[in-house]
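Novice: Structure for this input, please:
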Amino acid sequence: MRVSAIARNLAEVARLSDEDILKKLKLLGVKIEKAEFEELCRKQWRASKVTFDLWQKRAFRSQQVKDPGSWAYACVVELWRRWLKDVPCAELIELDVFKGYEIYEDGREEEAAVLWGEALEGVVKIGRQFGVKNLKDIEFGAGTLSIYDWIKEVFEELWALALDDPKWMERRRDMAAGLIECFADAEKASKQPASARDDGFWRMAMAESVRELAEEAEFEALFEKWLSEDPTWADGWVFYADSFDETPEKCEALLKRALEHEDLDDKGAVYLCLANHYRMQGNESLAQEYDLRGKEAFSSGGFARRLGLNEENSPEDLKNSFDNILGKLLKMGPALLQEEARPKAEANTSTVQARPMPSADTEVGRKQPCPCGSGKKFKRCCGS
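Specialist: All right, here's what the predicted structure looks like:
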């Protein structure tokens, strides 16, 4: 079934009245009343499954309509949108996601962020209402966009929206909490280290929202709980420590606590964070020492451990790890090439991250990856 044909049918069905949609279904051999349709949909979260169930029970095979299955699917999706606004539907969420990208490209970024936020709340609702435990089960069907990558972009866009509206900061916090509640156990079961898993990102998104809402005690309580449950989570230690950049003693103490755990999934990241901390404090000697330790940890296999690569991995684990890093490298490529071509600057002693700033003559679009290599969009990083 071609996506273009489905999109065409969806657009045409959207122009029909409820009565005409039911007549079209009847023409396809599917006779159903509103109450029966709603009852069927409340037991499912995919319009394709509802369509399949109806298709199996159809009274006859229509010879009058080309591609009848596609038309039946379009009718089900549209009726679901109209009649069951309280019941999440994976296909409607996916349609809203791609509509959001169209809006975003038109420059209506805030409108896209609102649409995406509501869509992400629908994803969480599927998890809670239908007991779906693995986010991969809700993966988008088009195959051109990963739901995991989209979720990261949603949190990024909602951050800008939430800074102007505390209610959106609360919703952002609750979305992250919902993802953790519904899907984190499946992520942990993947055998990937915490710093390579998506639930680590959700935790950091939740925590930064909590902190922005001035809930400092809750912020610390969350990290203390998470790090006690998984003390190997290097990214968690670094994020937690970095939040105390105005309290250098606490930042240093947290990083030293992290290094007490020999099985950190990325010890090099903690060493390099300590190096930046000492550099900011004016202690270049210790900064260089921890820079060296960080590089040694990286070269001695720390990066492989971060990806979960070891002798016990199954072929599927290895494939997932390489797919993960390949995706990251493809995204980092343009920024790394720009950075390599730029003359090396003196060490930056003004920030904890000590990232190189883009050169003045570099043309970077606000929606493009920041040349500093942070992984964020330019507008959310050096272009802010």
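
Novice: residues near Glu262, how many?
Specialist: 7 (other C-beta atoms under 10 Å). Where C-beta positions appear, they are placed from N, C-alpha and C, glycine not excepted.

Novice: Show the model's pLDDT score for it.
Specialist: On the pLDDT scale, Glu262 is placed at 91.

Novice: which secondary structure element contains it?
Specialist: Assigned by DSSP states H and E, Glu262 falls within no helix or strand.

Novice: Now it. Its backbone dihedrals?
Specialist: Backbone torsions of Glu262, given as degrees, to the nearest 10, read phi -60, psi -30.

Novice: now swap in the one 3 residues further on and tell me
Specialist: Listed backbone geometry of Asp265 is phi -80, psi -10, with angles given as degrees, to the nearest 10.

Novice: and it, how many residues sit next to it?
Specialist: For Asp265, the tally of surrounding residues (other C-beta under 10 Å) stands at 25.

Novice: surely it meets Pro231?
Specialist: No. Asp265 is not in contact with Pro231 according to C-beta atoms under 8 Å; the separation is 10.2 Å.

Novice: What residues of the helix or strand where Ala74 lies count as buried?
Specialist: Using DSSP H and E, Ala74 sits in helix 68-83. Of the residues in helix 68-83, 68, 70-81 count as buried by neighbour count, 16 or more other C-beta atoms under 10 Å.

Novice: how about those residues, which pair is most distant?
Specialist: Across the buried residues of helix 68-83, no pair lies farther apart than Pro68 and Arg81, at 20.5 Å, counting by C-beta to C-beta.

Novice: Please work out which residues outside stretch 124-144 touch it.
Specialist: 3, 45, 48, 87-88, 90-91, 93-94, 97-98, 123, 146-148, 150, 175, 178-179, 181-183, 185-187, 198 (C-beta atoms under 8 Å, 6 or more residues apart in numbering).

Novice: pLDDT (mean, whole number) over it?
Specialist: Taken as a whole, stretch 124-144 has an average pLDDT of 91.

Novice: With stretch 218-228 instead?
Specialist: 98.

Novice: Show me which residues of that stretch are buried.
Specialist: Going by 16+ other C-beta under 10 Å, stretch 218-228 has these buried residues: Phe219, Glu220, Leu222, Phe223, Trp226, Leu227.

Novice: Show me how far the helix or strand hosting the last one is from its chain's centre.
Specialist: Pointing back at Leu227 there. Assigned by DSSP H and E, Leu227 belongs to helix 216-229. What separates the centre of helix 216-229 from the centre of its chain is 21 Å, taken as C-alpha atoms, centre = their mean, to the nearest Å.

Novice: One more: stretch 247-257?
Specialist: Relative to its chain's centre, stretch 247-257 lies at 29 Å (C-alpha atoms, centre = their mean).

Novice: Return the set of buried residues in it.
Specialist: Per 16+ other C-beta under 10 Å, stretch 247-257 contains these buried residues: Cys251, Glu252, Leu254, Leu255.

Novice: tell me which element the second one is part of?
Specialist: Yep, that's Glu252 we're talking about. Here Glu252 is assigned to helix 248-259, by DSSP H and E.

Novice: Okay, angle between the helix or strand just after that helix and helix 248-259 too, please.
Specialist: Downstream of helix 248-259, the next assigned helix or strand under DSSP H and E is helix 267-280. Relative orientation of helix 267-280 versus helix 248-259 (axes from the mean of the first three to the mean of the last three C-alpha atoms, to 10 degrees): 160 degrees.

Novice: So for helix 267-280, mean pLDDT?
Specialist: Mean pLDDT, computed over helix 267-280, is 95.

Novice: pull the CA atoms of the following helix or strand past it into PDB?
Specialist: The helix or strand immediately downstream of helix 267-280 is helix 284-297, counting by DSSP H and E. Extracted in PDB, the C-alpha atoms of helix 284-297 (Å, rounded to 0.1, in the frame of the first residue of the first chain):
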ATOM      1  CA  GLU A 284      45.700  24.000  34.800                       C
ATOM      2  CA  SER A 285      47.900  21.300  36.200                       C
ATOM      3  CA  LEU A 286      45.000  19.200  37.400                       C
ATOM      4  CA  ALA A 287      43.000  20.000  34.300                       C
ATOM      5  CA  GLN A 288      45.800  18.600  32.100                       C
ATOM      6  CA  GLU A 289      46.000  15.500  34.300                       C
ATOM      7  CA  TYR A 290      42.300  14.700  33.900                       C
ATOM      8  CA  ASP A 291      42.400  15.600  30.200                       C
ATOM      9  CA  LEU A 292      45.000  12.800  29.900                       C
ATOM     10  CA  ARG A 293      43.000  10.400  32.000                       C
ATOM     11  CA  GLY A 294      40.000  11.100  29.900                       C
ATOM     12  CA  LYS A 295      41.800  10.300  26.600                       C
ATOM     13  CA  GLU A 296      43.300   7.200  28.100                       C
ATOM     14  CA  ALA A 297      39.900   6.000  29.200                       C
END
